[in-house]
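Chemist: only geometry, no sequence info:
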């Protein structure tokens, strides 16, 4: 059965599309894609957020621990290092900074901190001043061998012990000006010093003392003690 002319025209009208219809659909799709891309581009990168939040927590810790002595706290962006901690959605941040101490002396420090992306909170804030001990401490005949270890190795061991003692610990600060190195038996070096800690977030800072022994031959910390 053959279709007449009118039927053929009707069938053709169903198959032919408006020449403006396809470009209009593509245009709408392109606009939606661009809008979606702009939304995702506006979101700040997570690494930057982790670094900024940790440095803000470290600056607060420095001011709290050092009081009026700490002014103009700033951080060295090139020294910032971020790495996963092994915990879900947690990023470890390490770096260096400085603040203006008494007499406008620049006090350099290193820091470490952890940032949880899920809760938006920071934890494990630790900073260490790396400046040289103050002059006027008297004559020292003995010189420690620092080729295999650093005094910071002892402070790291002390911080780990304090974290085990106080699982909810807030902040830990070590004062390099209180650090003392002495000879110990069996080719060991004794490292002693003072610091301040928060046993839990929101609590007042309390002082503590630490002491450890390091085997100078291999740099291994063989004993650590903390008292607060």
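Modeler: Looks like it arrived, so ask away. Worth saying up front: this structure is predicted, and the values here are computed from it rather than measured.

Chemist: How about the contacts made by the residue nearest to the spatial centre of the chain?
Modeler: Computing the C-alpha centroid of the chain and ranking residues by Cα atoms, centre = their mean puts residue 93 first, at 2.3 Å. Going by Cβ atoms under 8 Å, 6 or more residues apart in numbering, residue 93 touches 50-51, 54-55, 80-82, 112-115. Backbone N, C-alpha and C define where each C-beta goes, glycine included.

Chemist: Please name the bridge partners of it.
Modeler: Beta bridges link residue 93 to residue 82, residue 113 when assigned by DSSP bridges.

Chemist: ok, now how distant is it from residue 179?
Modeler: As judged by Cβ to Cβ, to the nearest Å, residue 93 and residue 179 stand 24 Å apart.

Chemist: Show me how the chain divides into domains.
Modeler: For the chain, the structural domains run 42-131, 145-228, going by automatic domain parsing.

Chemist: how about a markdown table for the ones you listed, with mean pLDDT added?
Modeler: A markdown table is the format used below for the domains of the chain (pLDDT from 0 to 100):
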| stretch | mean pLDDT |
| --- | --- |
| domain 42-131 | 83 |
| domain 145-228 | 88 |
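
Chemist: The protein: strands as residue ranges?
Modeler: Listed in chain order, the strands of the chain (DSSP state E) span 71-75, 81-84, 90-100, 106-116, 121-129, 171-184, 188-197, 206-215, 220-227.

Chemist: Once you drop chain neighbours, what's closest to residue 114?
Modeler: Excluding its sequence neighbours, the residue lying closest to residue 114 (Cβ to Cβ, 6 or more residues apart in numbering) is residue 124, at 4.7 Å.

Chemist: Can you verify my assumption that that neighbour contacts residue 115?
Modeler: No. Using Cβ atoms under 8 Å, residue 124 makes no contact with residue 115, being 9.7 Å away.

Chemist: Just want to know which of the two has more residues nearby.
Modeler: Between residue 124 and residue 115, residue 115 has the larger neighbour count (other Cβ atoms under 10 Å), namely 26 against 20.

Chemist: what's the spacing between residue 128 and residue 160?
Modeler: Counting by Cβ to Cβ, the separation of residue 128 from residue 160 is 14 Å.

Chemist: between those two, which one's more packed in?
Modeler: For residue 128 versus residue 160, neighbours defined as other Cβ under 10 Å are more numerous around residue 128 (22 against 13).

Chemist: Any idea how many residues pack against the residue nearest to the more buried one when sequence neighbours are not counted?
Modeler: Leaving aside its sequence neighbours, residue 128 sits nearest to residue 174 (Cβ to Cβ, 6+ apart; 4.7 Å). Using other Cβ under 10 Å, residue 174 has 27 other residues around it.

Chemist: who are the neighbours in contact with residue 174?
Modeler: Neighbouring residues of residue 174 by Cβ under 8 Å, 6+ apart: 126-129, 155, 158-159, 193-195.

Chemist: From the residues you listed, keep the buried residues only.
Modeler: For the contacts of residue 174, a neighbour count by 16 or more other Cβ atoms under 10 Å gives the buried set as 126-129, 155, 158-159, 193, 195.
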